[in-house]
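Novice: Quick one, structure for this:
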Amino acid sequence: MKPKRHHTFHETRLRVRYAETDQMGVVYHANHLIWFEVGRVELMRQMGFSYRDLEREDGRFIAVAEATCRYRAPVYYDEEVVVRTRLKAVREKVVVFSYELLRADNRTLLAEGETTHIVTDSQMQVAVLPEKYLRAFRAALGK
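Specialist: Numbers count the residues shown, from 1 in each chain. Predicted coordinates:
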C-alpha cells in the first residue's frame, strides 16, 4: 500500500454572521457552498494566482459542474469556523477540490464536501487549463 500523499491545503477562518442563519438560528445550508468558494479562492491565492488572473489574463474559467456537501453538525451565529480546502485532483479540463468545515475552537467536523469544475473559455465551451496553472495544480498534488 502506498503512503498517503500530503496535498497542499489552505485554512480560512470565518465568523458566522447573523444574516447567514435561518429562523432556527442555524447556518442556512447553502452558505456552506459559499464558504467552500471562499476557501477555494484562498487556496488558489496561496498557490500564487487568483481567479481574476485565470479569467482576465488567460480567458479561462473553472465552472462548477458538481457540488456535494455532507452536513455533520449545526453551525450557529457568531461561531468561528475554519474552511479547510484541498486540491483533490486535476486534469487538463477538470479540477476537483475537497473541503472540511471545522469549528475553530475544538476542530469538530461540521461539514465536508467536494466540488468538480470544468475548465471553460469565455463562451462556456470546454477548454484546456493553461500550462502555468496545470503545473501549479500538479505541484500542489505532489506530482
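Novice: ok, now which ones touch residue 70?
Specialist: Neighbouring residues of residue 70 by C-beta atoms under 8 Å, 6 or more residues apart in numbering: 111, 112, 113. The way it works is simple: take the backbone N, C-alpha and C, and place the C-beta from them, glycine included.
Novice: Return the helix or strand in this protein with minimum mean pLDDT.
Specialist: Least confident element among the helices and strands of the chain, by mean pLDDT, DSSP states H and E: helix 51-52 (a mean of 88).
Novice: Given the next helix or strand after that helix, what are its sheet partners and their directions?
Specialist: Scanning forward in sequence from helix 51-52 by DSSP states H and E, the next helix or strand is strand 61-71. The strands that strand 61-71 pairs with in its sheet are strand 109-120 (antiparallel) (by DSSP bridges).
Novice: what is the mean pLDDT for the strand it pairs with?
Specialist: Average pLDDT, strand 109-120: 98.
Novice: Please determine how far residue 123 is located from residue 53.
Specialist: To residue 53, residue 123 is 19 Å away according to C-beta to C-beta, to the nearest Å.
Novice: Neighbour count for these two, which is higher?
Specialist: Comparing residue 123 with residue 53 by other C-beta atoms under 10 Å, the one with more neighbours is residue 53, at 15 against 7.
Novice: Just the pLDDT for the more buried one.
Specialist: Residue 53 carries a pLDDT value of 89.
Novice: The chain should start at 32 in everything you say after this.
Specialist: Sure, I'll start counting at 32 from here, so that last one is residue 84.
Novice: burial count for residue 155?
Specialist: Neighbourhood size, residue 155 [other C-beta under 10 Å]: 10.
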